[in-house]
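Trainee: Just the structure for this:
(one chain, ligands or ions: 1)
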Amino acid sequence: MTIDPDEKKYSHMSLPWKKIDTVLLDMDGTLLDLHFDNHFWLTHVPECYAEKHDLPHDEAHKHLMCRYTEVRGKLDWYCVDFWTKELSLDIEQLKHDIADKISIRPDVVDFLSWLNNNDKRVVLVTNAHPASLNLKMDKTNLHVHFDNIINAHDIGLAKENEGFWGKLQHVEPYDKAHTMLIDDNLEVLETAHEYGIEYCLGIQQPDSQGDEVSSEKFDVIDAFKEILP
Ligand SMILES: [Mg+2]
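Mentor: Numbering: from 1, shown residues only. Sure thing, here's the model as predicted:
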């Protein structure tokens, strides 16, 4: 599918499912509500950091936002071990402490079941650190729907990196002309599209309590039922 800004809106009902044999899915913000992660990094971690280092809350918050900016989009940004060391906080434990906030986005289970029942290869492709991935699969049980689960930390590059999609072929061979990627991160869609993945879709509201995403270039969906036949 060629994505021309003027023509990017194709009818979801006519999505050519017969031509799509592999569906690559992101986790946070796509299958799961990004609110957990936003709350964790923007509220919970700054609070714990302020307490641990005996800082005023706004100072801790400001400091952390600067630190985040330095590594955003790199693998370290997603690395529990990196932040545990950098902030002297037990990040894995802190995630467990608020794990009841982890939630699945609407229609996800129906969508995954439909893919499973229609012989699509369903692959989770995430930048999330293994510790975070395991916690989320334990909480949601979504792992039963995937034919394979790929972690960017094993590939050695974040999905935002243009080399990622070629390296992915070594561990999960796929035909890019017959593959769909759904990911809430527009930078990730950009690198996948550049590589040649034919069907790239975004998510309209990755954080149920956050802003809507719009793209000139990629279609964004709200609920997965929009793209089911
Ligand atoms: Mg995401």
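
Trainee: contacts and neighbour counts: CA atoms only from here.
Mentor: Noted.

Trainee: Show me what from this structure comes close to the ion.
Mentor: Neighbours of the ion within the chain, by C-alpha under 5 Å from the ion: D28, G29, D184.

Trainee: my read: A60 touches Y49, true?
Mentor: Yes - the criterion here is C-alpha atoms under 8 Å, and A60 meets it with Y49 at 6.5 Å.

Trainee: what's the burial count for the closest residue in space to A177 that isn't next to it in sequence?
Mentor: Closest residue to A177 apart from its sequence neighbours, by C-alpha to C-alpha, 6 or more residues apart in numbering: E198 at 5.1 Å. Applying other C-alpha atoms under 10 Å, we find 20 residues neighbouring E198.

Trainee: Then the one 10 residues further on?
Mentor: For S208, the tally of surrounding residues (other C-alpha under 10 Å) stands at 15.

Trainee: who touches it in this structure?
Mentor: Counting by C-alpha atoms under 8 Å, 6 or more residues apart in numbering, S208 touches D33, L34, H35.

Trainee: give me phi/psi at it?
Mentor: When read as degrees, to the nearest 10, the backbone of S208 gives phi -60, psi -20.

Trainee: Any buried residues in the longest helix seen in the chain, and which?
Mentor: Longest helix in the chain, counting residues (DSSP state H): helix 57-71. Applying a neighbour-count criterion of 16 or more other C-alpha atoms under 10 Å, one finds H57, A60, H61, L64 buried in helix 57-71.

Trainee: Looking at those residues, which is nearest K176?
Mentor: L64 (38.1 Å; C-alpha to C-alpha).

Trainee: Show the pLDDT at that closest one.
Mentor: Turning to L64, the model gives it a pLDDT of 94.

Trainee: how far away is the closest residue in space to it that isn't next to it in sequence from the ion?
Mentor: Once flanking residues are discounted, L64 sits nearest to P46: 6.8 Å by C-alpha to C-alpha, 6+ apart. Going from P46 to the ion by C-alpha to the ion, to the nearest Å gives 21 Å.

Trainee: Run the angle between the host helix or strand of P46 and helix 57-71 for me.
Mentor: In this structure, P46 is located in helix 45-52 according to DSSP states H and E. Angle, helix 45-52 to helix 57-71, by axes from the mean of the first three to the mean of the last three C-alpha atoms, to 10 degrees: 120 degrees.

Trainee: Now do helix 45-52: everything it contacts.
Mentor: Contacts of helix 45-52 (C-alpha under 8 Å, 6+ apart): L55, P56, H57, E59, A60, H61, L64, L87, L89, L94.
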